[in-house]
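**Q** I'll drop the sequence and a predicted model, then ask my questions.
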Amino acid sequence: MQRYWLVAVAFFIILLAVFANRQLPQQGAAPTDQKGAATEESKLEDDSSDEESLKEEESEEAVASNEHIVLLEPAPKTLVPSPFAVRGQARGIPGNMLSVRIVNKDGSAAVSLTAAVRGGDEKTFGTFEIKNLSYTFTNGEEKMLEIFAVGEKGEELYKLVVPLKFTLVE
């Protein structure tokens with residue numbers, strides 16, 4: 001009889017510990033709204049490490065992608081102000097460097113930059129970001145955003161092309 005009570009008490013303690021653990025907020029977790037999204041205030045106050053931001057970025061929706069490059073922002077065919085951010089993920093990129101270009105309708109490059117891919121390898125995605133890509137655009141100007149890797153012979157690999165419409169910055 002005594003064994004049953006010990007087993008029952010042990011089971012109750014384990015159950016209580018599991019339940020209490022689920023109720024406690026994770027240490028350092030950002031406050032969320034009713035849908036579970038981080039609130040604006042918590043985003044401003046968040047001084048999270050690179051590892052936490054990688055986990056956060058992995059949960060974001062891709063707006064365009066191919067086998068090697070996933071674009072998280074800006075979304076295709078959206079109105080984009082200048083400056084704007086280009087963020088995404090990539091894998092299997094030679095030298096862990098991507099080229100990012102804004103291309104005019106005539107095919108000439110308006111802006112050409114490079115972005116380092118942090119983390120990742122042939123099988124896992126790393127992240128890339130250009131925080132303030134800036135250019136003086138005219139109102140409603142349509143251009144293409146191209147993101148690609150450069151091969152050993154200078155060839156463009158894994159090119160992802162996204163149409164964008166830029167807004168005038170006043």
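**A** Nice, I can see it. All of these numbers come straight from a predicted model, not from anything done at the bench.

**Q** Dump the C-alpha coordinates for stretch 134-146 into PDB.
**A** What follows is stretch 134-146, C-alpha atoms only, in PDB (Å, rounded to 0.1, in the frame of the first residue of the first chain):
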ATOM      1  CA  SER A 134      19.600  53.400 -50.700                       C
ATOM      2  CA  TYR A 135      19.100  54.900 -54.200                       C
ATOM      3  CA  THR A 136      17.200  58.000 -55.500                       C
ATOM      4  CA  PHE A 137      14.200  56.600 -57.300                       C
ATOM      5  CA  THR A 138      11.500  58.500 -59.200                       C
ATOM      6  CA  ASN A 139       7.900  57.900 -58.100                       C
ATOM      7  CA  GLY A 140       6.500  54.600 -59.300                       C
ATOM      8  CA  GLU A 141       9.700  53.500 -60.900                       C
ATOM      9  CA  GLU A 142       9.700  49.800 -61.700                       C
ATOM     10  CA  LYS A 143      13.000  47.800 -61.400                       C
ATOM     11  CA  MET A 144      14.100  44.300 -60.800                       C
ATOM     12  CA  LEU A 145      15.900  43.100 -57.700                       C
ATOM     13  CA  GLU A 146      18.400  40.300 -58.600                       C
END
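
**Q** Identify all contacting residues around it.
**A** 74, 82-83, 86, 99-105, 110-111, 159-169 (Cβ atoms under 8 Å, 6 or more residues apart in numbering). No exception for glycine: its C-beta is placed from N, CA and C like everyone else's.

**Q** Give me the average confidence score over that stretch.
**A** Average pLDDT, stretch 134-146: 81.

**Q** How about stretch 117-124?
**A** Stretch 117-124 carries an average pLDDT of 91.

**Q** Now do the buried residues in that stretch.
**A** Val117, Gly119, Gly120 (16 or more other Cβ atoms under 10 Å).

**Q** rewinding a little: could you tell me which of the contacts of stretch 134-146 count as buried?
**A** 74, 82, 86, 99-103, 111, 160, 162, 164, 166-167.
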